[in-house]
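Peer 1: Fold the following, please.
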Amino acid sequence: MAEIRNVVLVGHSGSGKTTLAEHLLHRCGATTRIGTVEDGTTICDVDPIERRVGHSVALSVATTELRDSTLTGPAGPVQLTILDTPGHADFVGELRAGLRAADAAVFVISAVDGVHGSARVLWRECEAVGMPRAIAITHLDQTTSSWEETLAACRQTFGDGVHALYLPSEDGLLDVVRRAGTTDDAALATVDQLRGALIEEVITESDDDALMERYLSGDPVDFEDLIDDLEAAVAQAHFHPVLPVTMPAGVGLDELLEVICRGFPKPSEHVMPPVTTPDGRERPPITGSTSEPLVAEVIKTTTDAYVGRVSLVRIFAGTLRAEQAVHVSGHFARFSGHADDAAWHADHDVDEKAGTLSTVFGDTLTPVEEAAAGQIVAIARLSRAETGDTLSDPEAPALMEPWTMPEPLLPTAISAASNRDETKLAEGLARVQAEDPTVRLVVDPGTHQMVLWTMGDQHRDVLLERLETRFGAAVSTDPVAVALQCTVRGRGAATGRHVKQSGGHGQYAVCDLEIEPLPLGSGVQFMDKVVGGAVPRQFIGSVEKGVRNQLAEGVGGHPMVDVQVSVVGGKHHSVDSSDAAFQTAGAIAVQSAAADAGVQLLEPVDVVTVSCEEAHVGAILSDLAARRGRVRGTEPDSDGQTTVTAEVPAIELLQYAPQLRALAHGTGRFRREYLAHSPAPEQVAQKLAATTP
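Peer 2: Numbers count the residues shown, from 1 in each chain. Alright, predicted model coming up:
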C-alpha cells in the first residue's frame, strides 16, 4: 500500500489556496486540466452558493496517488489527500475539520496582501498541538508583490523556525540548500547568507553533534548531509520551510510536493487524540496501527441528492470495510458545556451498518472495499452519525473528544415564513446542526424567540439560503430581543378589589398591598403584615399566589423581580370570598402598587472576555466604552495576547462578533456569560422596550 500524506491548505480568503490545490492535483496527474477531472467535473467551488459569494464556504477534499520518485523519494508511491479550507473566518468549522483530518498544514500567504491576522491566530493553534507547517508564498507574478517583505513578515510573525528553502528568480527558483539555480555572485551571496542560518537551525534542532562540529570547523555541508535532519526537523514541527509558488507558470509546485511527501509525517506519527469508552471510562490509547480496533471520526457531514447522508471520515486506528457494522457514539453536550446542545445533539450510542466506502475527489466519489488507519474516506447511509461523532468497533466502543470549536456568537431570530414551512424548517435545522457544529439553535425562555447562533453574517446567510434551497423551508428573520425585567424605584401602595355579584355565590376580595425595592438578585419576597383578621389566614396564600403569578407574567410587559410585597390589610365576605377572588385581588393590587412606586427597567448584562493582540487593545477598550461596557481589567497572556474582561449590556453585543473581527483585524475572539440584570439608563429604555417581540 502506498504511504499516506494528509495535508491541509489554510490561509486568508484570496490567498490562492484553491488555485494552489488545483495546480498541485494537476501536477500529480490527477486532472487533465486545471480545475477539472476527466469528465469535466470541477474540483472546487461546485456549490452554487460559493459561486455567488465569490469564495469557498466548505471544506473540499481530493485524494490522489503520486508516483513520481523525484518528489516522493525512497518512500515510493504516496497517497496524497489535499484538504482545501475556506479562508473566511465565518466558516471556521470547515477549517477546524480540515485541521483535525490532516497531519500537516501548508499556510498559503499572498505576497500582495501579506500575513493576515487570522493566519497568526491559526499558526499558534497549530503550534499548540505540534502540527508540522510549511509556508507557500503566492501571487509573486503580480506587480505589487514583494517576496522579501513577505518573507520578513513571515519570520517576524511565525518565529525563528521559518526559513526559505528556495528563492524566486527570473529563471525559476534558487535552491538554498543545494546552492543551485544561479551562477550570479550577488544571488549566491544572498543564498549563502540564508543557507547559513538554515543549516544552523536544522543542526541545532536535530542535535547532530558531529554535523555541528563539521559546520563550525568550516567544512562544507552538502545537501545529502542535511536531508535526513531537514526532514526530521520539518516532521517534528521545529522547522518551517518557505517556498515561493507561481502557479500560472508551475514554479514551485514540485518543490512543495517534495516537502509534503518527504518532510511531512506519516499518519502514524500524528499526535493521537485521547480516546475513552462512551461512558467515560479509560481505555488503551490508540497508536495509529491498522491492526488495532477501529477508531474513526466524522469530520464532515453532507447530503447527496442520490446517495443520501454522506459522512466524511478520518480513520485514526484500525481498518474499515464496506458494509461493516460500526458503533456510532455522539456526546456533543458533554464536551461543549452547553446544556442547550443536548436538545439538538441528543446523546446517542448506536450500532449501524456502514454503506459504501469511497475515496473523495472534490465532487466525485470512487467506491473502495476498505480503508485503513490514516485514510480519509466517505461513508454512505450512516443515518445517526453527526459531525464530530466517533465510529468504532462494536466490540470495543470508543469515544473521541471532538475538536474544539469557537462559540457561535452572532444571534438571529428566525421563524417559519408560513405554517406550511414549519415542519420543513424543523427538519432542516436538525440536519444543519448535525452537519455543522458551529451552529446553535436556542429558544429563548425570556423572549420566546427561536434564535440561530452563527459565526458571522456570511455564515448566517449561507445557512438560511441552504434551508430554503436544500430543504424547501422559507425562513423569516426578526430583530433579536433581549429578555428584559423590571423592578420598582421606591415604595408604593395600592388596594386591589375584586367584587362581583351575578346570582348565586358572588366574588368578594379586597387586599391592601405595599411594595418596595430589594437589592439586585434578591428575587421576590412576600410578607404577611395583616392584623385583626382583615384577610383571613386561609386566603393569605391566595393573595401571595396572585401576586407572584402577576409579577412573573409581567408588570408593564416585563417580569418584575427584586421586590418585597407586603399584604397589610383588606376585607372579606363570609360567603362570597374565595381563593380565586383573593388571587385576582392580589394581582390587581400589585400592578397598581408597582405603578405607584414607579417602574425601573432592568436589562441583561454579560461578562465579556476578549482575547486579542496587544496592538488592538486600545481600539477594543474604546469600543467597549461606546457599548456602555465597564472594564474589569486587562491581562497579558503568555502567547503575546491580551485578555480584556468587561461587563457589557447584552443588547450592545448583538452585532459584536463581526465588529470585533474588524477591530482586531481577524485576531480577536470573545466569550460571553450572563451576569445579572441591572437598571437601564433612561436614554436607552425606549430602545430596549422596542426590542421586545
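Peer 1: Let me know the distance separating Ser383 from Arg96.
Peer 2: Using C-beta to C-beta, to the nearest Å, Ser383 is found at 24 Å from Arg96. C-beta here means a position set from N, CA and C on the backbone, and glycine is covered the same way.
Peer 1: who has more neighbours, the two?
Peer 2: Using other C-beta atoms under 10 Å, the more surrounded residue of Ser383 and Arg96 is Arg96, with 23 against 11.
Peer 1: ok, and for the helix or strand where Glu127 lies, which residues are buried?
Peer 2: Here Glu127 is covered by helix 117-128, with elements defined by DSSP states H and E. Using 16 or more other C-beta atoms under 10 Å as the test for burial, helix 117-128 gives Gly117, Ser118, Ala119, Arg120, Val121, Leu122, Trp123, Cys126, Glu127.
Peer 1: Helix, strand, or coil at Ser415?
Peer 2: strand (DSSP: H, G, I helix; E, B strand; the rest coil).
Peer 1: can you count the residues close to it?
Peer 2: Residues near Ser415, counting by other C-beta under 10 Å: 14.
Peer 1: try the one 5 residues further on
Peer 2: The local packing count at Arg420 equals 11, with neighbours defined by other C-beta under 10 Å.
Peer 1: what separates it from Ser476, distance-wise?
Peer 2: According to C-beta to C-beta, Arg420 and Ser476 sit 13 Å apart.
Peer 1: Same question for Pro293.
Peer 2: In terms of C-beta to C-beta, Pro293 sits 48 Å off from Ser476.
Peer 1: now swap in Asp512 and tell me
Peer 2: Taking C-beta to C-beta, one finds Asp512 at 47 Å from Ser476.
Peer 1: swap in Val310?
Peer 2: Val310 is 30 Å from Ser476, by C-beta to C-beta.
Peer 1: Looking at the two, which one has more neighbours?
Peer 2: Legend: neighbour count by other C-beta under 10 Å for Val310 and Ser476, higher for Val310 (22 against 13).
Peer 1: Quick check on that one: phi, psi?
Peer 2: phi -120, psi 130 (degrees, to the nearest 10).
Peer 1: who are the neighbours in contact with it?
Peer 2: Thr301, Thr302, Thr303, Asp304, Leu365, Ala378, Ile379, Ala380 (C-beta atoms under 8 Å, 6 or more residues apart in numbering).
Peer 1: Show me the beta-bridge partners of the nearest residue to the fourth one once chain neighbours are set aside.
Peer 2: Closest residue to Asp304 apart from its sequence neighbours, by C-beta to C-beta, 6 or more residues apart in numbering: Val310 at 5.2 Å. Beta-bridge partners of Val310, counted by DSSP bridges, are Thr302, Ala380.
Peer 1: What of Arg497?
Peer 2: According to DSSP bridges, beta-bridge pairing links Arg497 with Val510.
Peer 1: cool, Ile414 as well?
Peer 2: Met450, Thr477.
Peer 1: now do Leu173
Peer 2: Taking DSSP bridges as the rule, Leu173 bridges to Pro168.
Peer 1: Quick check: buried residues in the longest strand seen in the chain?
Peer 2: Looking across the chain with DSSP state E, the single longest strand is strand 599-613. Under the neighbour-count criterion of 16+ other C-beta under 10 Å, strand 599-613 has 599-606, 608, 610-613 buried.
Peer 1: ok, now stretch 260-278?
Peer 2: 260-268, 270, 272-273, 275-276, 278.
Peer 1: what residues does the lengthiest helix in the chain touch?
Peer 2: Taking DSSP state H as the criterion, the chain has its longest helix at helix 185-206. Helix 185-206 is contacted by residues 160-161, 163-165, 167, 169, 174, 176-177, 179, 182, 211-212, 215, 221, 226, 229-230, 232-233, 236, 238-239 when judged by C-beta under 8 Å, 6+ apart.
Peer 1: again, 6 Å this time
Peer 2: 163-164, 174, 176, 179, 211-212, 221, 229-230, 232-233, 238-239 (C-beta atoms under 6 Å, 6 or more residues apart in numbering).
Peer 1: residues near the spatially closest residue to Ala58 that is not a sequence neighbour, how many?
Peer 2: Among residues not flanking Ala58 along the chain, Glu94 sits closest, at 5.4 Å (C-beta to C-beta, 6+ apart). Neighbour count for Glu94, taken as other C-beta under 10 Å: 23.
Peer 1: let's number from 30 now, not from 1
Peer 2: In the new numbering, first residue 30, that becomes Glu123.
Peer 1: residues contacting Glu123?
Peer 2: Ala87, Leu88, Thr114, Pro115.
Peer 1: give the contact list for Glu497.
Peer 2: Applying C-beta under 6 Å, 6+ apart, the residues near Glu497 are Ala503.
Peer 1: so which strand or helix has it?
Peer 2: Glu497 belongs to helix 486-500 when assigned by DSSP H and E.
Peer 1: and Glu123, backbone torsions?
Peer 2: phi -70, psi -40.
Peer 1: shaky segments in the protein?
Peer 2: 30, 62-85, 334, 531-533, 718-722 (pLDDT under 70).
Peer 1: Got the domain ranges for it?
Peer 2: 32-209+263-298, 304-429, 444-507, 519-626, 630-719 (automatic domain parsing).
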